[in-house]
Structure formats: C-alpha cells, structure tokens
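Peer 1: Let me see the structure of the following:
(2 chains)
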Amino acid sequence: MYAFDFHRPATLRQANNLVGKVEDAKILAGGQTLLPTMKQRLASPAAVIDLSGVPELVGIEQKGRNLVIGAMTSHAEVASSALVRAALPGLAALAAGIGDPHVRHKGTIGGSIANNDPAADYPAGLLALGATIVTNRRKIPAGDFFTGMFSTALDEGEIITKVIVPTGAKFAYAKFRNPASRYAMVGVAVGKKGSSVVVAVTGAGSDGVFRWADAEAALGKRFNAKSLDGIKNPAAKELNSDIHASAEYRSHLIGVMARRAVTAATAK
Amino acid sequence: MPKVSMTVNGKRVSADVEGRTLLVQFLREHQRLTGTHVGCDTSQCGACVVHVDGKAIKACTNLALSCEGANVTTIEGLANGTELHPMQAAFRTHHGLQCGFCTPGMIMAAIDMVNRLGYDLSEETIRHELEGNICRCTGYHNIVKAIQAGAAAMGGLKVAAE
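Peer 2: Numbering: from 1, shown residues only, chains lettered A, B, ... in the order given. Reported below is the predicted structural model:
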C-alpha cells in the first residue's frame, strides 16, 4: 500500500481536534472497506485517523424506547447483543448477514453508513427503522442522511458518534446475497410503526438506497405480503445492471425480497 | 516511524512500523511468523486469519498500528511444544488439507467458531461459518469433518480438565 500518515486518538475530543487539523484525512473505522479501497488506490487520503482506540464510541444501550448503538460497534456485537435481539431481532439478523465472521468482528455500523455503499445492508435497515444518526456536530434523520451512491449528508470533519434506533417497530430485512461478495444483490428492509410503513431497497438502485413508495402505500393499508400482489415492481430503467444481475432481474427480486421481509416482520 | 507494541503468542513484541504496515506484514516480516499467509490481499480468502483480543480477523485488512496493545494469536501460538492443538490434530487425522496454503486461516477460523458457538457444531453451521475462508483444493468436505472432530476434541479436553 502507498505511504500515509497515521493518527490514533484515544478520545473523541482528540479525534475532533485531529479532523480539524490534519489535511486530506480519512476516518478509519473497522477498515473493512476503506483499507481494500486504499490498496486499490480508489481512495488515497494523505492521512488516516483511526477511531479504534476511542472506547466511548463502542457499545449498545437501551435508553427509553430507543437503542443507542455506538458508531464503532462491530457487526458481530450488534448481531449477538441480547438487547438488540430482544428489541429488534431483525436488526440483529441484518448485522449477522454482513460479510463473513471475520469481517463482522471488525466492520462497524458507523463505518458502514458513512461509506453508504449502494449494496450495503445498514442503510436500508436504518431507513426503514427511522433511525437518527448522531455526529460530533448534530443529529441527522436517516431519511436525510443517505443522499446517493457513496454519498451522505456528512460534512468534512464530521464524525458519526452513535446511531439512535427506535424500538417497537415490526421490522425485518431480507436480502438476496451475491454468493461471492456477500453484498446485497437486492436487499429490502421493511419497518412498520403505528400506521407508518417504510420499505427501503438496497443493492438495486442506480443511486443507492431508495424507498419504494407504492409498496409503502399498499402495506400501510394492510401489513401483509399479499398486499403487494398487483403492485408493480420498481421500473428496471431506474435499477442497476451488471455482470451479477440484470436490472429486470433486480426489479423482480425487489418484489420477492419485500414479500419475504414482510412475512418475517409479521411472524412471531 | 511510529512504534507499535503488542503481545503475539504470549510474547511482548514491538517494532517501528509505517502507517501502512498491515498486521499480516508485521507478523510475517517483522516477527518472522510466516504461518499466517497472504492469499488474496483483498479480504476475501481468509488465509490470513489470526485472533486479535480473542476474535478472528483478517490480518491483511488491519493496520499493525491499529493493534497497539492487542493480544494476537497466530497459528504458531496453538501447539503446546511438539503436541498439536486438537484442531490441528483433527485437520491431520481427517486430511483437512491438500496443499495446506489455506490451512492456518481455516484452523484459526475453526477455533474462533468453537469459541463462539461451542463444541457441538453441525455440518450446516460449519459450512455457513466458513464463508470467509476459501480452499481451492479440498472441496471443503474434509475440512468440515476436521472442524467437527476438532471441536468435539476441544470439548473433551475441557471436560477432562474439569
């Protein structure tokens, strides 16, 4: 790999100072995307600020009706957390399906959403759950946070510190995995809280995660997989086509995954 | 150059490294522990799996400096003198390797599996849990058998010791 400067703050305060001071720096969370990206020179920051030495960014707490998940909490920790499994088993299952066991030990929720890979799992999940992303400067609703492929509302020098996830929703995520990369070929997250339903689709959209309004309207009337019968799948022309799947196939998969997610969310 | 210190296989070690030095380079080139392999260098294959603070990770996708103060176990840290670790012994007994390139990562992944899921592992569980480790020779069949037997042997040792 090419040479770069390395910083490892021990507190969030030190991290804040560093992001303001160090030029052309990238924040390193679990590194499971950033390091391979740097090896390939798809990213080439002059400096890396590693947050793995900041313990205050790790952990899962129940605060009132919310789960508060530290940005540096690993996928393995979310997947195995008794709190998450009790309050939102669908979120624990989502985390358990990311990458492979070794990647899940390092990859973090904060890193995943800051990167906003168009085939990542967390963006769809957090959108459907109506989560709030907390940074060193402000709180951003998930609906405003994911702004397009690999793009977020984060400003220069802004650090995600935690994610607030409301509990009490019916929630599930169903993904059709690319068997080699284990990224979502199509993943659909469905969340229902009161009468409000969010259906968020990852892996398929040409501009990253998106909401499927027609499905939301149908499921808002009756939260059952059958409600999606007769609803047209999102148009192929808005979707990705690559060596793994054509846009038409992805369009079909959205309908299938959405039904599976609704079925899983209603099963108990 | 910044200095990094960590415990590797029970021994305190430190070295001056560059920011870009990967954990796997630190182990192989600075510590001469060449049992940890680099297969793909893109976090796909799992030949570089080691344990950091008790958890299996891919050493090609971690910076050495991120492991400051960590406790690292590599394949070299498993045997007790000339006596193989039960998981290593099971791979030998069940022919869980052909060329052997993926074996260090397979064994480290297998022990991590036991640490998380216990001694009684079903074939389905093992195959699912092995998705981060690639073998290009065996077709996995004997690896799965070896892990199942190695896990049971680890459990037996635990029971015998109690």
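
Peer 1: and A:V48, that's in a strand?
Peer 2: Yes. Assessed by DSSP: H, G, I helix; E, B strand; the rest coil, A:V48 belongs to a strand.

Peer 1: if I look at it, how far off is chain B?
Peer 2: Note on A:V48: its distance to chain B, by C-beta to the nearest C-beta, to the nearest Å, is 7 Å. Where you see a C-beta, it was placed from the backbone N, CA and C, and this is true even at glycine.

Peer 1: That residue reaches A:A3, doesn't it?
Peer 2: No. Using C-beta atoms under 8 Å, A:V48 is not in contact with A:A3, being 11.0 Å away.

Peer 1: More neighbours: these two, which one.
Peer 2: Neighbours were counted for A:V48 and for A:A3 using other C-beta atoms under 10 Å in any protein chain shown; A:V48 has more, 24 against 9.

Peer 1: mind listing the helices for chain B?
Peer 2: Applying DSSP state H to chain B gives helices spanning B:23-25, B:86-93, B:103-117, B:123-129, B:141-161.

Peer 1: ok, and for the third one, which residues are buried?
Peer 2: The reference is to helix B:103-117. B:T103, B:P104, B:G105, B:M106, B:I107, B:M108, B:A109, B:A110, B:I111, B:D112, B:M113, B:V114 (16 or more other C-beta atoms under 10 Å in any protein chain shown).

Peer 1: which ones are touching the third one?
Peer 2: When the contact criterion is C-beta atoms under 8 Å, 6 or more residues apart in numbering or on different chains, the partners of B:G105 are B:T36, B:H37, B:G39, B:C45, B:G46, B:A47, B:C48, B:V49, B:N133.

Peer 1: separation between the residue nearest the centre of chain B and B:V52?
Peer 2: Per C-alpha atoms, centre = their mean, the C-alpha nearest to the average position across chain B is that of B:M108, at 2.3 Å. From B:M108 across to B:V52, the span is 11 Å (C-beta to C-beta, to the nearest Å).

Peer 1: who does the worst-scoring helix or strand of chain B on mean pLDDT touch, helix- and strand-wise?
Peer 2: Ranking every helix and strand in chain B by mean pLDDT, DSSP states H and E puts helix B:141-161 at the bottom, with a mean of 89. Where contact means 3 or more C-beta pairs under 8 Å, 6 or more residues apart in numbering or on different chains; DSSP states H and E, helix B:141-161 is packed against helix B:86-93, helix B:103-117, helix B:123-129.

Peer 1: From chain B, how far off is A:T108?
Peer 2: Taken as C-beta to the nearest C-beta, the span from A:T108 to chain B is 12 Å.

Peer 1: so what's that residue scoring on pLDDT?
Peer 2: pLDDT for A:T108: 98.

Peer 1: Check the burial of it by counting its neighbours.
Peer 2: 28.

Peer 1: surely it meets A:I69?
Peer 2: No. In terms of C-beta under 8 Å, A:T108 does not count as a neighbour of A:I69; the distance is 9.6 Å.

Peer 1: What is the burial count for A:A25?
Peer 2: 20.

Peer 1: ok, the closest residue in space to it that isn't next to it in sequence - contacts?
Peer 2: Of all residues not flanking A:A25 in the chain, A:A47 sits nearest, at 4.1 Å (C-beta to C-beta, 6 or more residues apart in numbering or on different chains). Shown in contact with A:A47 (C-beta under 8 Å, 6+ apart): A:F4, A:D5, A:F6, A:H7, A:V22, A:E23, A:D24, A:A25, A:K26.

Peer 1: For the closest residue to B:L157 other than its chain neighbours, report the pLDDT, please.
Peer 2: In space, and not counting its chain neighbours, B:L157 is closest to B:P86: 6.1 Å by C-beta to C-beta, 6+ apart. The model reports B:P86 with a pLDDT of 97.

Peer 1: Please list all residues in contact with the closest residue to A:G148 other than its chain neighbours.
Peer 2: Excluding the flanking residues, the one nearest A:G148 by C-beta to C-beta, 6+ apart is A:D207, at 4.9 Å. A:D207 sits next to A:P118, A:G148, A:M149 when contact means C-beta under 8 Å, 6+ apart.

Peer 1: Please report the distance of the residue nearest to the centre of chain B from B:L157.
Peer 2: 18 Å.

Peer 1: Please apply the same query to A:K175.
Peer 2: Taking C-beta to C-beta, one finds A:K175 at 39 Å from B:L157.

Peer 1: now swap in A:K21 and tell me
Peer 2: Distance, A:K21 to B:L157, by C-beta to C-beta: 52 Å.

Peer 1: ditto for B:M1
Peer 2: Using C-beta to C-beta, B:M1 is found at 42 Å from B:L157.

Peer 1: Same drill for these two, tell me which one is more crowded.
Peer 2: Between B:M1 and B:L157, B:L157 has the larger neighbour count (other C-beta under 10 Å), namely 13 against 9.

Peer 1: ok, now which ones touch the spatially closest residue to A:Q14 that is not a sequence neighbour?
Peer 2: Excluding the flanking residues, the one nearest A:Q14 by C-beta to C-beta, 6+ apart is A:V54, at 8.0 Å. Applying C-beta under 8 Å, 6+ apart, we find A:V54 in contact with A:P9, A:A10, A:T11, A:L12, A:Q14, A:A15, A:M72.

Peer 1: and what of A:P166?
Peer 2: By C-beta under 8 Å, 6+ apart, A:P166 lies in contact with A:R65, A:N66, A:L129, A:G130, A:A131, A:K193.

Peer 1: Same check on A:A128?
Peer 2: Contact analysis of A:A128 by C-beta under 8 Å, 6+ apart lists A:F171, A:Y173, A:A189, A:V190, A:G191, A:V198, A:V199, A:A200.

Peer 1: Equivalent analysis for A:L34, please.
Peer 2: Going by C-beta under 8 Å, 6+ apart, A:L34 touches A:K26, A:L28, A:A43, A:V48, A:G111, A:N115.

Peer 1: Filter these down to the ones in strands?
Peer 2: A:K26, A:L28, A:V48 (DSSP state E).

Peer 1: what about the second one, how many neighbours?
Peer 2: Which is A:L28. Per other C-beta under 10 Å, the neighbour tally for A:L28 reads 22.

Peer 1: Settle this for me: it is touching A:S52, isn't it.
Peer 2: Yes. The pair A:L28 / A:S52 is scored as a contact, 7.4 Å apart, by C-beta under 8 Å.

Peer 1: on that earlier part again, and which of the buried residues of helix B:103-117 is nearest A:I140?
Peer 2: The closest of the buried residues of helix B:103-117 to A:I140 turns out to be B:D112 (C-beta to C-beta; 35.4 Å).
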